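Undergrad: Give me the fold of what follows.
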Amino acid sequence: MITRPGAFRGVLPDIDQVVWFACGLAVMTCLLLAIYQLALAALTTGAARAFLGEPIETRRALKEGLARSPQLVGTFFLLLAWSGLLLLLSMLPGIGLMVYGFTPNHIGFVLVGLAVALVGLVVVGLYLLLRYALVSEVVVIEKLSFVGALRRSASLMAGRVARPPSTTARSARPSSTPSTSASRSR
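TA: Modelled structure (predicted):
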């Protein structure tokens, strides 16, 4: 039980410690991001070479991946900024309702605003995730620039993002089975 003010003095970290921790976390995140982008580029290059029937060498895949890593990192940050802006805009109506709800006699608007903000975040987030799912692969395989890779990924995923499940189920089935067509010909 705390009985006197200032009982936590010395327990909470100083601002210096928080700043050093945040800087170290940022450096580690950037380092891990760079390693991830290099591994992704090498893996994509190796998979593309295997698909084309060419021999796969680890050294060559890493060399090509390293050559494409600046474009990958740039595309990642461009996509991060673009998605962040769109996600923020999708949450604004809900945030507005929440702010309005903090006035007296309107507390229900806080819950409605929170729900609207979360729905906007999830719907727009999933849409962006699916629309730009192939950005890294496009940068590595097709060797496009930042904006070109975003456009190409969007065009490759066009029509596949919001397709109803019944359409995909029908298109996956064959039009006629051999046994059906054989029994009809008799």
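Undergrad: Just the helices from this structure, written as ranges.
TA: In the chain, the segments counted as helices under DSSP state H are 15-52, 58-101, 108-131, 135-142, 146-157, 165-172, 178-185.
Undergrad: who's in contact with the closest residue to Val73 other than its chain neighbours?
TA: In space, and not counting its chain neighbours, Val73 is closest to Gln37: 5.5 Å by Cβ to Cβ, 6 or more residues apart in numbering. Heads up, the C-betas are built off the backbone N, CA and C, glycines and all. Neighbouring residues of Gln37 by Cβ atoms under 8 Å, 6 or more residues apart in numbering: 69, 72-73, 76, 136.
Undergrad: From Ser83, how far out is Gln37?
TA: Between Gln37 and Ser83 the distance is 17 Å, computed by Cβ to Cβ, to the nearest Å.
Undergrad: same deal with Arg68?
TA: 21 Å.
Undergrad: The two: who's more crowded?
TA: It is Arg68, of Arg68 and Ser83, that has more neighbours when counted by other Cβ atoms under 10 Å, with 22 against 17.
Undergrad: wouldn't that one be in contact with Ile141 here?
TA: No: assessed by Cβ atoms under 8 Å, Arg68 is found out of contact with Ile141, at 9.3 Å.
Undergrad: intersection of neighbour lists for the two?
TA: With Cβ under 8 Å, 6+ apart as the test, Arg68 and Ile141 both reach Thr45.
Undergrad: where does the residue most central in space within the chain land on pLDDT?
TA: Taking Cα atoms, centre = their mean, the centroid of the chain lies closest to Leu129, which sits 4.5 Å from it. What the model reports for Leu129 is a pLDDT of 82.
Undergrad: show me the contacts for it.
TA: Applying Cβ under 8 Å, 6+ apart, no residues contact Leu129.
Undergrad: Tell me how far it lies from Leu25.
TA: For Leu129 relative to Leu25 (Cβ to Cβ), the value is 24 Å.
Undergrad: so where's the chain uncertain?
TA: For the chain, the stretches with pLDDT under 70 are 1-12, 160-186.
Undergrad: How about Thr44: what's its closest non-neighbour residue?
TA: Val140 (4.3 Å).
Undergrad: Surely that neighbour and Leu43 touch.
TA: No: using Cβ under 8 Å, Val140 is not in contact with Leu43; the gap is 9.0 Å.
Undergrad: Identify the contacts common to these two.
TA: By Cβ under 8 Å, 6+ apart, the residues touching both Val140 and Leu43 are Gly65.
Undergrad: out of those two, which sits in the more crowded spot?
TA: Taking neighbours as other Cβ under 10 Å, Val140 and Leu43 compare with Val140 leading, 26 against 15.
Undergrad: residue contacts, that one?
TA: 40-41, 44-45, 48, 64-65, 68, 72.
Undergrad: Of those, select the buried ones using a ChimeraX command.
TA: If you want just the buried ones from the contacts of Val140 in ChimeraX, going by 16 or more other Cβ atoms under 10 Å, the selection is:
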select :40,41,44,45,48,64,65,68,72
